[in-house]
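Visitor: Here's my sequence, what's the structure:
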Amino acid sequence: MRYDAIVIGGGLAGCSAAAQLARHGHDVVLFEKATYPRHKLCGEFLSPEVQSSLRTLDVMDEVSALGTAPMTRARLTGPDGTRVEHALPGTALGLSRYRLDELLFDRACAWGTEGRPGTKVTAVTGSLAEGFAVTAGGDTVEGRLVLGAYGRRGVLDRTLDRPFLQQQAPSVAFKAHYTGDLEAITDTIEVHAAPGGYCGIGPVEDGRANVCWIGRTDALTDAGGTPTAMLEQALYENPVLRDRLRGWTRASEQFEAVSQVPLMPKRQFVDDVCMVGDAAGMIAPLCGDGMAMALSAADLVAPLADDLLSGRRSAPAFKHAYETQWSNQFGRRLRVGRWVHRTAFHPTTTRALLTACRLLPPLARWLIRTTRG
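Guide: Numbering: from 1, shown residues only. The predicted model follows:
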């Protein structure tokens with residue numbers, strides 16, 4: 001076959017997996033429907049746990065050179081102004097996907113991946129036993145292994161008839177960069193809960209702040225259907241968030257938006273296509289572990305896929321090992337994340353949880369530790 005591995009999606013998980021497989025000498029092609037650089041809806045929070053993944057890719061120096069914003073504390077507030085603040089278990093980094101994704105794509109290509117940006121995959125057929133055919137950009141390519149790293153929800157999910165699509169996710173999320181007086185969030189990641197949603201704020205490069213929020217679809221509709229109105233009418237019921245954004249100016253040309261945010265469980269294999277990153281399972285945004293999970297998933301699948309492609313592991317053994325290790329590494333944090341996410345949508349339970357975390361610091365440390373590696 002022409003390729004050992006076909007990777008669909010050039011985000012964090014896809015670029016990292018492609019880079020590592022290419023570094024092991026495999027023929028890899030990486031399809032990304034967009035072109036670089038490009039913005040993505042993301043909290044843009046690189047937790048302390050992510051740095052080992054960046055070292056695996058030999059990009060820590062380049063990441064630092066992009067002007068990352070360090071963070072050592074987390075601050076959470078409720079709709080009534082209740083707040084709790086705790087130290088992070090190390091130094092996190094704020095860096096936009098606009099910068100990071102292009103860096104990782106370039107690293108994958110430098111290590112031997114054939115990168116095809118601006119190429120949309122529309123169909124996948126085949127199996128691990130017989131190989132795959134992938135239709136992309138009007139061409140069809142063949143490969144022994146397909147990694148689906150195309151994000152939380154995509155066209156291929158419908159093509160593959162994934163069961164999670166049958167479940168409703170009545171939520172919508174937005175993201176934009178802002179400028180203004182950022183002194184209050186220096187060295188700090190914030191999450192502000194409000195009736196029907198929550199908003200995360202953290203510094204990124206170039207003196208900007210990433211403002212990213214998720215809420216119920218009806219809150220958007222009730223506010224008139226625009227992200228600015230939703231932010232100002234629904235989420236501004238949190239007085240700390242309202243004061244925080246006073247005087248800030250949107251620096252992004254437009255909002256990044258996603259509807260039907262799927263936090264429900266997913267399968268790691270669909271018709272033998274191996275799912276990685278958000279395509280395999282998405283953690284609640286407030287946990288701040290999505291970027292780390294994407295890179296960790298690539299670190300997990302790469303050696304197993306290398307064994308498969310090198311003949312050291314059979315296809316059934318590859319599937320069993322990946323599913324087992326993925327569940328062991330991410331299963332509990334996803335379950336806890338879904339519970340905390342639901343809690344954040346209700347003012348009474350949010351206030352109770354924040355009060356408990358303030359009075360019982362070990363509880364807060366447990367929540368932080370449990371929702372990450």
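
Visitor: Contact partners for the closest residue to Cys357 other than its chain neighbours?
Guide: The spatially closest residue to Cys357, leaving aside those adjacent along the chain, is Ala364, at 3.9 Å (Cβ to Cβ, 6 or more residues apart in numbering). Glycine gets a C-beta too; all of them are placed from N, C-alpha and C. Taking Cβ atoms under 8 Å, 6 or more residues apart in numbering, we find Ala364 in contact with 84, 86, 357-358.

Visitor: got it, and Arg358?
Guide: Taking Cβ under 8 Å, 6+ apart as the definition of contact, the neighbours of Arg358 are 82-84, 364.

Visitor: Out of the contacts of Ala364, list just those in helices.
Guide: Assigned to helices by DSSP state H, the following of those qualify: 357-358.

Visitor: Just send the contacts of Ala364 back as CSV, with pLDDT and distance to Ala18 too.
Guide: Written out in CSV, the entries for those read as follows (pLDDT from 0 to 100; distance: Cβ to Cβ, whole Å):
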residue, pLDDT, distance to Ala18
Val84, 91, 40
His86, 89, 36
Cys357, 83, 39
Arg358, 83, 44
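
Visitor: The residue nearest to Ala176 when sequence neighbours are not counted - how many residues pack around it?
Guide: Here the nearest residue to Ala176 in space, its sequence neighbours aside, is Ser252; by Cβ to Cβ, 6+ apart that works out to 4.1 Å. Close neighbours of Ser252, defined as other Cβ atoms under 10 Å, add up to 15.

Visitor: Pro70 too?
Guide: Residue neighbour count, defined by other Cβ under 10 Å, stands at 12 for Pro70.

Visitor: Are there helices or strands packed against the host helix or strand of it, and which ones?
Guide: In this structure, Pro70 sits in strand 69-77 according to DSSP states H and E. On a contact count with 3 or more Cβ pairs under 8 Å, 6 or more residues apart in numbering; DSSP states H and E, strand 69-77 meets strand 83-94, strand 187-194, strand 197-203, helix 347-359.

Visitor: Kindly report which one of those carries the lowest mean pLDDT.
Guide: Of all those, the segment with the smallest mean pLDDT is helix 347-359, scoring a mean of 85.

Visitor: what's the angle from the strand holding Pro70 to strand 187-194?
Guide: Calculated by axes from the mean of the first three to the mean of the last three Cα atoms, to 10 degrees, strand 69-77 forms an angle of 30 degrees with strand 187-194.

Visitor: Parallel or antiparallel, which strands does strand 69-77 pair with?
Guide: Strand 69-77 has these partner strands in its sheet, going by DSSP bridges: strand 83-94 (antiparallel), strand 187-194 (parallel).

Visitor: I'd say Arg116 and Glu32 touch.
Guide: Yes. Using Cβ atoms under 8 Å, Arg116 and Glu32 qualify as a contacting pair, with a distance of 7.1 Å.

Visitor: Outside of stretch 305-319 itself, list whatever touches it.
Guide: Contacts of stretch 305-319 (Cβ under 8 Å, 6+ apart): 4-5, 17, 20-21, 24, 26, 128-129, 144-145, 147, 269, 272, 274, 304, 321.

Visitor: Going through those residues, which ones are buried?
Guide: The neighbour-count test (16 or more other Cβ atoms under 10 Å) applied to the contacts of stretch 305-319 identifies 4-5, 17, 20-21, 24, 26, 128, 144-145, 147, 269, 272, 274, 304, 321 as buried.
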